[in-house]
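# What shape does this take:
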Amino acid sequence: MQTGDQWPTARTVLSLAWPMALKAIILHGTVVIDAYLVAGLGEVALAAMGLAAAIAGFCLGAILAFSNAMQIRTAQAAGTGDPVFLKSALGCGLAINLVVGGVGLALVLLFGGQITAAMAPNAEVATLAASYLAIFSLVFLGEALGQCLSSYFNGCGRTRLPLYSFCLSLPVNVGTSIVLIHGYLGLPACGVAGAAMGSVIAVMVQVGFLIVCLSRTERSVVRTSGWRQGRFAPTLRRHLAFALPIAATFFSATFAMQVCTLIYASLSLNAFAAMTLIGPWIMVTGTIGMQWAQATGILVAQLLGQRQPEPVLDAFLSSAWRGAFAAAALASLLLGSVCLSANLLYPDLNAETRATLQSFLPILLLLSFPKGSNAICGNTLRASGDTLYVMHIFIWSQWLFRVPATALAVLYLQVPAVWVLSVLLIEELVKFPAFHRRLYKGDWKRATLAD
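Purely as a prediction, here's the structure:
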């Protein structure tokens, strides 16, 4: 990044954003691929997978939340060049993630059947969802390791290694899922459970690759003696004190999304199938804008750390904001293409399900623009240290608006699915004034970052 009279441009943001975006797209794309492969089995199988994925999302969201916090901690350690600090970040991150993954696995094995039976629209969906969830829960332990190692490499600046691991695991997931779902190569047809098996095999490949990379590149760090705070227990407490505030925002976002998905299960079978299909597409296309915003936040933090003057900050943010609108336009174009191609993409589904997908078009064409602008504001404010304000906007908009509004629309008003989906757009409009008023106030440009 250049300093002085010049500021980073949209090209600089792009160089940071594209590896993160591609990795996130592959991660979310796994869900899209599973949904696409299962769609050929009909609405019942698709609804079962959607329900099981919503339940599993609680544990995966917790793992991802702590991994995001660990990524920042690792970046701090890499900046100091202290191998003890690096080892402490890695060890604490692994310990936390494995505990979270183990607890999630135990809860699913103990209560997964009861939860799916209570939430499913009928017994057939409940049975299929329980079988999928029992197998998919093994992914928790794999993701606990994989996300931790990915965050460690990202924090050290080696962002391509996590990307390579996802590129390696994706074709494994697709190939094994196809074989196991339909029973090719002489294997039994496992149906929905086959998709879960494919995910388990793929995450094992991913984690194996990352472990090999760690053993080859970080052997000296792993063998370093001692811990950051002298002993492991106080080091872990210090890591938790750092990680919990950052993880809280991710917890809230993930859990609110999963609660809404569980509420969607009370829609008609066709409407729930349509919501299950469009949800992963929204996540995948939204990744374009979200990773652009995260890269913008990284560069804002660097500029603030260099004490760049306000005109430089304004010029950079204007350039990044223009890029954010271009990213939003691309996301809208992709979502619109999915809606208009519903008959081609999902010919095996009921005509009512495909018609519901097409009805989402107006909402999806608009959603990316306020969402992308809010993300730029949020990441810029976080970069200046204004993290509590950002956390409050997200938490209160989710739990005072999105979740109650979704429950009201689905459980009481029983409105069409397109109005249920519109809650996502309205939520972004609710957050819009609070984010932009804070940003335009300009205090972030005068922030002094702590060491």
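# got the buried residues for whichever strand or helix holds E428?
Assigned by DSSP states H and E, E428 belongs to helix 417-441. Neighbour-count burial for helix 417-441, counted by 16 or more other Cβ atoms under 10 Å, picks out 417-418, 420-425, 427-428, 430-431, 434-435, 438-439. No exception for glycine: its C-beta is placed from N, CA and C like everyone else's.
# Repeat that for stretch 241-261.
Neighbour-count burial for stretch 241-261 [16+ other Cβ under 10 Å]: 242-243, 246-261.
# what about it, distance to the chain center?
11 Å (Cα atoms, centre = their mean, to the nearest Å).
# Equivalent analysis for stretch 408-416, please.
That offset, for stretch 408-416, works out to 27 Å (Cα atoms, centre = their mean).
# Using CSV, write out every CA atom in that stretch.
The C-alpha trace of stretch 408-416 is given here as CSV (Å, rounded to 0.1, in the frame of the first residue of the first chain):
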residue,chain,number,x,y,z
LEU,A,408,-45.2,-12.3,12.5
ALA,A,409,-45.2,-12.7,8.7
VAL,A,410,-44.9,-16.5,8.8
LEU,A,411,-46.7,-17.7,11.9
TYR,A,412,-49.5,-15.2,12.3
LEU,A,413,-50.1,-13.2,9.0
GLN,A,414,-49.2,-16.2,6.8
VAL,A,415,-48.2,-13.9,3.9
PRO,A,416,-46.7,-15.1,0.6
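# pLDDT averaged over it - what is it?
Average pLDDT, stretch 408-416: 91.
# low pLDDT regions in this protein?
Per-residue confidence for the chain (pLDDT under 70) gives these ranges: 1-8, 16, 25-32, 75-76, 78-80, 157, 301-302, 305-306, 385, 447-451.
# next structured bit after the strand or helix carrying L46?
Using DSSP H and E, L46 maps to helix 43-80. For helix 43-80, the succeeding helix or strand toward the C-terminus, using DSSP H and E, is helix 83-119.
# Next, the buried residues of that following helix.
Taking 16+ other Cβ under 10 Å as the criterion, helix 83-119 shows 83-98, 100-101, 104-105, 107-108, 112-113, 115-116, 119 as buried.
# Stretch 35-52 now?
Buried-residue list, stretch 35-52, by 16+ other Cβ under 10 Å: 35-39, 41, 43-52.
# count of neighbours near P404?
12 (other Cβ atoms under 10 Å).
# list the buried ones in the one helix or strand it maps to?
Using DSSP H and E, P404 sits within helix 403-407. For helix 403-407, a neighbour-count test (16+ other Cβ under 10 Å) marks 403, 405-407 as buried.
# Centre of the chain to that helix, how far?
Distance, centroid of helix 403-407 to centroid of chain: 21 Å (Cα atoms, centre = their mean).
# quick one: contacts of it?
Helix 403-407 has contacts (Cβ atoms under 8 Å, 6 or more residues apart in numbering) with 256, 259-260, 263-264, 420, 423, 426-427.
# Between helix 417-441 and the helix or strand where L330 lies, find me the angle.
Using DSSP H and E, L330 sits in helix 310-340. Angle of helix 310-340 versus helix 417-441, following axes from the mean of the first three to the mean of the last three Cα atoms, to 10 degrees, is 170 degrees.
# And helix 310-340, what does it pack against?
If contacts are counted by 3 or more Cβ pairs under 8 Å, 6 or more residues apart in numbering; DSSP states H and E, helix 310-340 sits against helix 10-39, helix 269-305, helix 351-359, helix 361-383.
# what about 6 Å?
Other helices and strands packing on helix 310-340, by 3 or more Cβ pairs under 6 Å, 6 or more residues apart in numbering; DSSP states H and E, are helix 10-39, helix 269-305, helix 361-383.
# Adding distance to P188, write these out as TSV.
As requested, the helices and strands packed on helix 310-340 are exported to TSV (distance: least, Cβ to Cβ, whole Å):
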stretch	distance to P188
helix 10-39	16
helix 269-305	25
helix 361-383	39
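# re the thing from before, could I get the CA-only coordinates of the helix holding P404 as CSV?
Extracted C-alpha coordinates of helix 403-407, given in CSV (Å, rounded to 0.1, in the frame of the first residue of the first chain):
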residue,chain,number,x,y,z
VAL,A,403,-36.7,-12.2,13.9
PRO,A,404,-40.0,-10.8,15.2
ALA,A,405,-41.0,-9.6,11.8
THR,A,406,-40.3,-13.0,10.2
ALA,A,407,-42.3,-14.8,13.0
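# Look up how far C92 lies from A233.
10 Å (Cβ to Cβ, to the nearest Å).
# circling back to that earlier point, who does the helix holding L46 touch, helix- and strand-wise?
Packed next to helix 43-80, using 3+ Cβ pairs under 6 Å, 6+ apart, are helix 10-39, helix 83-119, helix 123-136, helix 138-155, helix 192-217, helix 232-264, helix 269-305.
# Using TSV, lay out these together with distance to L161.
Formatted as TSV, the helices and strands packed on helix 43-80 follow (distance: least, Cβ to Cβ, whole Å):
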stretch	distance to L161
helix 10-39	10
helix 83-119	14
helix 123-136	25
helix 138-155	5
helix 192-217	5
helix 232-264	22
helix 269-305	17
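# Would you mind saying which of those lies nearest A62?
Closest of the helices and strands packed on helix 43-80 to A62 is helix 83-119, at 4.9 Å (criterion: Cβ to Cβ).
# And the closest one, what does it pack against?
Taking 3+ Cβ pairs under 6 Å, 6+ apart as contact, the helices and strands that helix 83-119 lies on are helix 43-80, helix 123-136, helix 138-155, helix 219-222, helix 232-264.
# List of residues touching the shortest one?
Just to be clear, that refers to helix 219-222. Outside helix 219-222, the residues that touch it by Cβ atoms under 6 Å, 6 or more residues apart in numbering are 83, 86-87.
# cutoff 10 Å now
With contacts defined as Cβ atoms under 10 Å, 6 or more residues apart in numbering, helix 219-222 is touched by 77, 82-87, 89-91, 152, 156, 214-215.
# can you give me how far it is from the chain middle?
Helix 219-222 sits 30 Å away from the centroid of its parent chain (Cα atoms, centre = their mean).
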